[in-house]
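Trainee: my questions concern the predicted model and sequence given below.
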Amino acid sequence: MPDQLELTLDIKTKFQRWLASKGARLSSCSICDAKQLQLEDYLIVPTVLASPPNQQVPKYPMLQVTCRNCGNTIYFNAMVAGIVAAQKVVTEKK
């Protein structure tokens, strides 16, 4: 899996529907209360910085919602949200 994937309008809509199905309310930032939250355009895969030598570590794709006022960022696991199939998660040797 690449380190980032661009989100299509269909994927963004699917994610917003998933959020709504969970009763999530992302109308304002939990830090500064600004109503400037935005779903970013890319699915990201964070890098694991520390792990035992030669051990494969999972890579978890994430969606990110960022406050344009203060920079607070909320990450959502794309597998849990149904955006990426669990079997597509790859591992990399560290």
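Mentor: That came through, no problem. From a predicted model like this one, the values you see are computed outputs, not experimental measurements.

Trainee: from here on, contacts and neighbour counts on C-alpha atoms
Mentor: Will do.

Trainee: now K12, nearest residue through space, not along the chain?
Mentor: L39 (7.7 Å; C-alpha to C-alpha, 6 or more residues apart in numbering).

Trainee: do I have it right that V65 meets Y42?
Mentor: No: V65 is not in contact with Y42 according to C-alpha atoms under 8 Å; the separation is 10.4 Å.

Trainee: show me which of the two is the more surrounded one.
Mentor: Neighbours were counted for V65 and for Y42 using other C-alpha atoms under 10 Å; V65 has more, 20 against 16.

Trainee: and the more buried one, which helix or strand is it part of?
Mentor: Following DSSP states H and E, one finds V65 within strand 62-67.

Trainee: for the residue nearest to K12, give me phi and psi.
Mentor: Main-chain dihedrals, L39, degrees, to the nearest 10: phi -70, psi 120.

Trainee: residue contacts, it?
Mentor: L39 makes contact with 12, 63-66, according to C-alpha atoms under 8 Å, 6 or more residues apart in numbering.

Trainee: who wins on neighbours among these?
Mentor: For these, the largest neighbour count, defined by other C-alpha under 10 Å, is 23 neighbours, found at L63.

Trainee: how close does that one sit to L39?
Mentor: Distance, L63 to L39, using C-alpha to C-alpha, to the nearest Å: 8 Å.

Trainee: M79 too?
Mentor: Distance from M79 to L39, counting by C-alpha to C-alpha: 16 Å.

Trainee: next: L5.
Mentor: Using C-alpha to C-alpha, L5 is found at 14 Å from L39.
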